[in-house]
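Engineer: Here you go, sequence then predicted model.
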Amino acid sequence: MIRFEHVKKRLGNRVVLDDVSFEIQKNETFVIVGSSGAGKSVSLRHMIRLLTPDEGRVWIGDDVVSEATGKDLEKIRSRFGVLFQSAALLQWLSVADNVGLPLQEKARMTRAAIHTKVEETLKMVNLEEAHDKLPANISGGMQKRVGLARAIIMEPEIILYDEPTSGLDPVTSRTIDQLIDRLRRGLGVTSVVVTHDLHSALAIGTRIAMLHRGRMIEVSSPSEFIRSKHKEVQNFLASQYITKDGEWEVEKGESKVWRSKV
Amino acid sequence: MIGEAFLSVSSIFQKRSRHEVMYQLYITGIKSLGVITVVALFTGMILALQTGLELRRFGQEVNIGTAVTVVMLREMGPFMTGLIIAASVGSAIAAQMGTMTVSEEIAALEVMSINPVRFLVMPRLIALMVMMPILTVYTNILGALGGAIVGSTQLGVAFTAYFDNATLYATNKDLYVGLCKAVLFGVIITTVACHQGFSAKQGAVGVGQATRKTVIISFLTILTVGYMVTRLFYQ
């Protein structure tokens, strides 16, 4: 469904993506992990042509998004819903207006129909009570859920999540994870998640890919990923207290170590 | 960008666009009235005092009505209005667009296939093109009034003599050229502000730079274009 073919991207003097190739299948949750500056968000931006590769191609189905312009690009983008890292809500619009914006601008629907659809979508992300609030007056977690509601209201085939749990407390992060998983199972969407939160990646991913200094060094299922022999993957797992036995240490104190299964 | 904004003017008939244009008209017009009132009044008063004191040496102080009104209509009205709007509205537009750019709101609009130029630039362009001439007329009236106050209180020129003299020599051409400049200044301010905002990078620092550049570039362009229009019509 999404295919990267030998994609290279340079930003200034830095090589951000170096000969990256991978393919994402329909209805999977493909998680891209890696440390800051590894090229995760840059990969995501190539999928919706917010960036274009210096070399290589990015395919969405049978279309080359990296070369699309005008109406073709608009058609490809209409297949996507995107949850940005900052949620990217328009600050002067209420929650309901933000969620309904794509419908108001692109769909030929009556006001009543838009209102109903917005209500349904807000209910899906448990935000009915925030309907009339401005983004500045709700929490970061709620803003992410509003961004998610806006991303799914046009019923896209593919949803891109850029650091969906960054800056959120663990409980809210798990809520977002559950929402992502529910959307994949319930709506059958293909999801691409960029995160450095491995716990989240292991919980929601059907496959996990790791980018390191612009190179894709691992693409595997979560169970294979935690047993990867690649040194960088092992370091990354260890940095988040995840062992290759399939267990993760929640907290390491001097006197006790708590463990639980993935 | 401006060409694209003009091409999307037809969307003004959509309810959302109409509402946004009305809001921008309010921001540009009503919210700027206070500062424009003070600046216009004092500009007229300073012009009247400076020219009046010189003209008094030749016994021609009655002609300050002409001097103030013609200068306000031709140059100072659109120029002062342009500077005030560039500093207040232009900088605010640049800051808003810049913040939206660095916080990925513009990218979000693009991904939703909502044209940011139509959605954000067009309403501001229409608002400034409509409001600039209206505010310029307001500046002209208050400038002339300021001149009349100084004429009557400090130079001994009666209100009636001042306005008779003003209307005697000021022409329709003076008014139209001034208004033409005002519309051009509106286009310049919107173009510079939106372009700088959309080009903002590196978070708050980038937004600050975009705002500063907007004011500087707008001022310089207004001065240059003002001179060129004057030369075109009066030489």
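Structural biologist: Nice, thanks for sending it over.

Engineer: Which secondary structure element is home to A:Arg10?
Structural biologist: In this assignment (DSSP states H and E), A:Arg10 forms part of strand A:2-11.

Engineer: next one: the helix or strand just after that strand to chain centre, how far?
Structural biologist: Next in sequence after strand A:2-11, counting helices and strands by DSSP H and E, comes strand A:14-24. Relative to the mean C-alpha coordinate of its chain, strand A:14-24 is positioned 17 Å out (C-alpha atoms, centre = their mean, to the nearest Å).

Engineer: Give me the contact list for strand A:14-24.
Structural biologist: A:1-10, A:30, A:39, A:42-43, A:46, A:53, A:56, A:190, A:192, A:209, A:211, A:213-216, A:219 (C-beta atoms under 8 Å, 6 or more residues apart in numbering or on different chains). C-beta here means a position set from N, CA and C on the backbone, and glycine is covered the same way.

Engineer: List the neighbouring strands of that strand plus their orientation.
Structural biologist: strand A:2-11 (antiparallel) (DSSP bridges).

Engineer: could you give the mean pLDDT of the strand it pairs with?
Structural biologist: Per-residue pLDDT over strand A:2-11 has a mean of 93.

Engineer: Please work out how many residues are found near B:Gly186.
Structural biologist: Applying other C-beta atoms under 10 Å in any protein chain shown, we find 30 residues neighbouring B:Gly186.

Engineer: Tell me which other helices or strands the helix or strand hosting A:Ile208 touches.
Structural biologist: Using DSSP H and E, A:Ile208 sits within strand A:207-212. If contacts are counted by 3 or more C-beta pairs under 8 Å, 6 or more residues apart in numbering or on different chains; DSSP states H and E, strand A:207-212 sits against strand A:29-33, strand A:215-220, helix A:222-225, helix A:231-239.

Engineer: got a list of what the residue nearest in space to the middle of chain B touches?
Structural biologist: When C-alpha atoms, centre = their mean is applied to chain B, the residue found nearest the centroid is B:Gly82 (2.8 Å). Going by C-beta under 8 Å, 6+ apart, B:Gly82 touches B:132, B:181-182, B:185, B:188-189, B:218, B:222, B:226.

Engineer: export those residues to a markdown table and tack on distance to chain A, secondary structure and neighbour count?
Structural biologist: Below are the contacts of B:Gly82 laid out as a markdown table (distance: C-beta to the nearest C-beta, whole Å; DSSP: H, G, I helix; E, B strand; the rest coil; neighbours: other C-beta atoms under 10 Å in any protein chain shown):
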| residue | distance to chain A | secondary structure | neighbour count |
| --- | --- | --- | --- |
| B:Met132 | 23 | helix | 28 |
| B:Lys181 | 31 | helix | 27 |
| B:Ala182 | 27 | helix | 26 |
| B:Phe185 | 26 | helix | 29 |
| B:Ile188 | 25 | helix | 24 |
| B:Ile189 | 21 | helix | 33 |
| B:Ser218 | 24 | helix | 26 |
| B:Ile222 | 28 | helix | 24 |
| B:Gly226 | 33 | helix | 20 |
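
Engineer: can you tell me the residue of the stretch 1-150 of chain A closest to chain B?
Structural biologist: Among the residues of the stretch 1-150 of chain A, A:Ala88 lies nearest to chain B; the distance is 3.9 Å by C-beta to the nearest C-beta.

Engineer: how many neighbours does that residue have?
Structural biologist: Number of residues near A:Ala88 (other C-beta under 10 Å) recorded here: 23.

Engineer: Tell me who's in contact with it.
Structural biologist: For A:Ala88, the contact set (C-beta under 8 Å, 6+ apart) comprises A:147, B:103-105, B:107-108.

Engineer: re the thing from before, of all the helices and strands packed on strand A:207-212, which one is nearest chain B?
Structural biologist: Nearest to chain B among the helices and strands packed on strand A:207-212 is strand A:29-33 (17.8 Å), distances taken as C-beta to the nearest C-beta.

Engineer: now what about the closest one, what contacts it?
Structural biologist: Residues outside strand A:29-33 that contact it (C-beta under 8 Å, 6+ apart): A:2, A:24, A:40, A:43-44, A:180-181, A:184, A:190-196, A:198, A:200-201, A:204-211, A:236.

Engineer: So which bits of chain B are right by chain A?
Structural biologist: Counting by C-beta under 8 Å from any C-beta of the partner chain, chain B comes close to chain A at B:16, B:100, B:103-105, B:107-108, B:110-114, B:119.

Engineer: I'd like to know which of the contacts of strand A:14-24 are buried.
Structural biologist: A:1-2, A:4-5, A:7, A:9, A:30, A:39, A:42-43, A:46, A:53, A:56, A:190, A:192, A:209, A:211, A:214-216, A:219 (16 or more other C-beta atoms under 10 Å in any protein chain shown).

Engineer: Spell out which parts of the stretch 101-250 of chain A neighbour chain B.
Structural biologist: Near chain B, when you scan the stretch 101-250 of chain A using C-beta under 8 Å from any C-beta, you find A:101-102, A:104-106, A:150, A:154.

Engineer: One more pass at 10 Å, please.
Structural biologist: By C-beta under 10 Å from any C-beta of the partner chain, the residues of the stretch 101-250 of chain A that approach chain B are A:101-102, A:104-106, A:111, A:147, A:150-151, A:153-154, A:160, A:162.

Engineer: so of these, which ones are in helices?
Structural biologist: Counted as lying in helices by DSSP state H, out of those, are A:101-102, A:104-106, A:111, A:147, A:150-151.

Engineer: export the residues you listed to CSV and tack on pLDDT and neighbour count?
Structural biologist: Below are those laid out as CSV (pLDDT from 0 to 100; neighbours: other C-beta atoms under 10 Å in any protein chain shown):
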residue, pLDDT, neighbour count
A:Leu101, 92, 23
A:Pro102, 92, 23
A:Gln104, 88, 16
A:Glu105, 86, 17
A:Lys106, 81, 14
A:Arg111, 88, 11
A:Gly147, 93, 27
A:Arg150, 94, 29
A:Ala151, 92, 27
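
Engineer: Appreciated, that's everything.
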